[in-house]
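**Q** Show me the folded form of this:
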Amino acid sequence: MADTAMHSPAAYDVETVRGDFPILSRTMHGKPLAFLDSAASAQKPRAVIDTVRDVYEREYANVHRGLYEISEAVTDRYEGTRETIRDFIGAASTKEIVFTRNATESVNLVAHSFGRNFLEEGDEVVITELEHHANIVPWQMLRDEKGIVLKVAPITDDGELIMSAFEDLLGPRTKLVAVAHMSNVMGTILPVEDIIRRAHAVGAKVLIDGCQSVTHIPIDVQALGCDFFVFSGHKLYGPSGIGLLYGREELLDAMPPFMGGGDMISSVTFEKSTWARLPHKFEAGTPAIAQAIGLGAAIDYVNGLGLAAIGQHEADMLNYATQQLSSFDGLRIIGTAPNKASVVSFVLDYAHPHDIATIIDRAGVAVRAGHHCAQPLMDRMDVPATVRASIGLYTNKADIDALVGALGDVQEFFG
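**A** Numbering: from 1, shown residues only. From the prediction side, this is the model:
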């Protein structure tokens, strides 16, 4: 296995960090790559790339099933990643750590296995106006199938959750509250401790979408008290195709499997099947072996830098980007909550976000333009789309300067 790069959190050197990411040395249209789309999918450090390559080159076999050395060795690495994740998010047991394809599958697993079995017609699920489609559509499907009631908590024009309105939605029929920890569009950080406390007071379970927050904020699911927590590996500098569902053991134990097949069974006859113990009950079929191990390497890398140091660096970059963009003529930032992280979404009075992204691409600047899988939020903010510049642990001032300079090209193009 490749060694994980380690840096002192007390001396965060972004240029040294950037050297760990091979793709950042390339050019785009003859210009240095300014990658400002980490909220969609983050780049991968050499430690992760080497780890995945090492699995395929030296130690690939199926896990859990082989009684030979390579299979046993890769099984140890695969299950070792489960322990790495358990420690990273503060879970009580590896039984509570379920591998999925991504956070979307994790939410759907909860909707299918918890929602379809423990919610009845008239029961309520509460979400917010700033959710990603992955935390909207599964609940709509459940509503259409079972007759549950889907309630939506409003936000302010700045992008903050209106807590009094959220609390007014809670009642005796509220069975689940499902909210993003951090908005993928605006960077707003929701007061999840407060949300969980209020939801639990009416007997509701709580699912936290941690896709954005887990890369910026230390997570302790036991301290939070959430019942479910989901995230995707590809946003956490790990491979795509691997995600995570944390669920409290007693809940997962009571929930039926999401999918049937190999590796999730204890025994099978033509008359009856029985299920494997947690967490394997929810992991049917051959898993994403190299991807899971690569996610472990990504977490080791992030831990080596230190989330506190990463968070401070990203806060500095966010402040710099906000200052630079706020002074740009005709530009309006969407989402100005005081408690936010690592994302600046904006519109220009005279250009569509898709045109902006296309033009600045020629200057080597990679941003996301569109509705960001959050169309209801776009409707709430009264915009068809935004340009989103998102900051990662490798973002430097030169990236932001390149963005601002390229926006000057947009301004010139549209006169």
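
**Q** ok, which stretches of the stretch 201-350 of the chain are helices?
**A** Listed from the start of the chain, the stretch 201-350 of the chain has helices (DSSP state H, counting those that start in this stretch) covering 221-224, 249-254, 289-305, 307-326.

**Q** Got the domain ranges for this protein?
**A** With domains defined by automatic domain parsing, the chain comprises 9-44+306-413, 51-303.

**Q** What's the local residue count around the residue nearest to residue 175 when sequence neighbours are not counted?
**A** Once flanking residues are discounted, residue 175 sits nearest to residue 123: 4.5 Å by CB to CB, 6 or more residues apart in numbering. In this view, the C-beta of every residue, glycine as well, is placed from N, C-alpha and C. Using other CB atoms under 10 Å, the number of residues around residue 123 comes to 19.

**Q** How about the contacts made by residue 123?
**A** Shown here is residue 123, whose contacts under the criterion CB atoms under 8 Å, 6 or more residues apart in numbering are 148-149, 173-175.

**Q** Next, give phi and psi for it.
**A** Reported as degrees, to the nearest 10, the phi and psi values for residue 123 are phi -70, psi 160.

**Q** Mind pulling up the pLDDT for it?
**A** Residue 123 is assigned a predicted lDDT (pLDDT) of 98.

**Q** Only alpha carbons, please: show stretch 231-242 as CSV.
**A** Written as CSV, here are the backbone C-alpha positions of stretch 231-242 (Å, rounded to 0.1, in the frame of the first residue of the first chain):
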residue,chain,number,x,y,z
PHE,A,231,-21.9,10.7,2.5
SER,A,232,-20.2,9.9,-0.8
GLY,A,233,-16.5,9.0,-1.2
HIS,A,234,-15.9,11.0,-4.3
LYS,A,235,-16.5,14.3,-2.6
LEU,A,236,-14.1,13.3,0.2
TYR,A,237,-11.1,13.0,-2.2
GLY,A,238,-11.8,9.3,-2.6
PRO,A,239,-12.9,7.2,-5.6
SER,A,240,-16.4,7.4,-7.1
GLY,A,241,-18.7,4.5,-6.8
ILE,A,242,-18.4,4.2,-3.0
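
**Q** model confidence over it, on average?
**A** Per-residue pLDDT values across stretch 231-242 average out to 98.

**Q** Stretch 332-346 too?
**A** What stretch 332-346 shows for mean pLDDT is 97.

**Q** Low-confidence ranges, the protein, go.
**A** Counting by pLDDT under 70, the ranges of the chain that qualify are 1-10.

**Q** Let's see that with 90 instead.
**A** Along the chain, the model assigns pLDDT under 90 to residues 1-11, 65-67, 262-266, 274-276, 327, 415.

**Q** Need the three-state assignment for residue 407.
**A** Residue 407 carries the three-state label helix when classified by DSSP: H, G, I helix; E, B strand; the rest coil.

**Q** For it, which non-adjacent residue is spatially closest?
**A** For residue 407, ignoring the flanking residues on the chain, the nearest one in space by CB to CB, 6+ apart is residue 328 at 6.0 Å.

**Q** so the one you found makes contact with residue 404?
**A** Yes. The pair residue 328 / residue 404 is scored as a contact, 6.7 Å apart, by CB atoms under 8 Å.

**Q** any idea which helix or strand carries residue 125?
**A** strand 124-128 (DSSP states H and E).

**Q** May I have that strand exported as CSV, CA atoms only?
**A** Listed next in CSV are the C-alpha coordinates belonging to strand 124-128 (Å, rounded to 0.1, in the frame of the first residue of the first chain):
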residue,chain,number,x,y,z
GLU,A,124,-44.9,12.9,8.0
VAL,A,125,-41.4,13.4,6.6
VAL,A,126,-39.9,16.9,7.0
ILE,A,127,-37.2,18.2,4.7
THR,A,128,-36.0,21.8,3.8
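
**Q** and whatever helix or strand comes next after that strand with strand 124-128, angle?
**A** Elements were assigned by DSSP H and E; along the chain past strand 124-128, the next helix or strand is helix 137-146. Angle between the axes of helix 137-146 and strand 124-128 is 160 degrees (criterion: axes from the mean of the first three to the mean of the last three CA atoms, to 10 degrees).

**Q** List the contacts of residue 339.
**A** Taking CB under 8 Å, 6+ apart, we find residue 339 in contact with 160, 188-189, 191.
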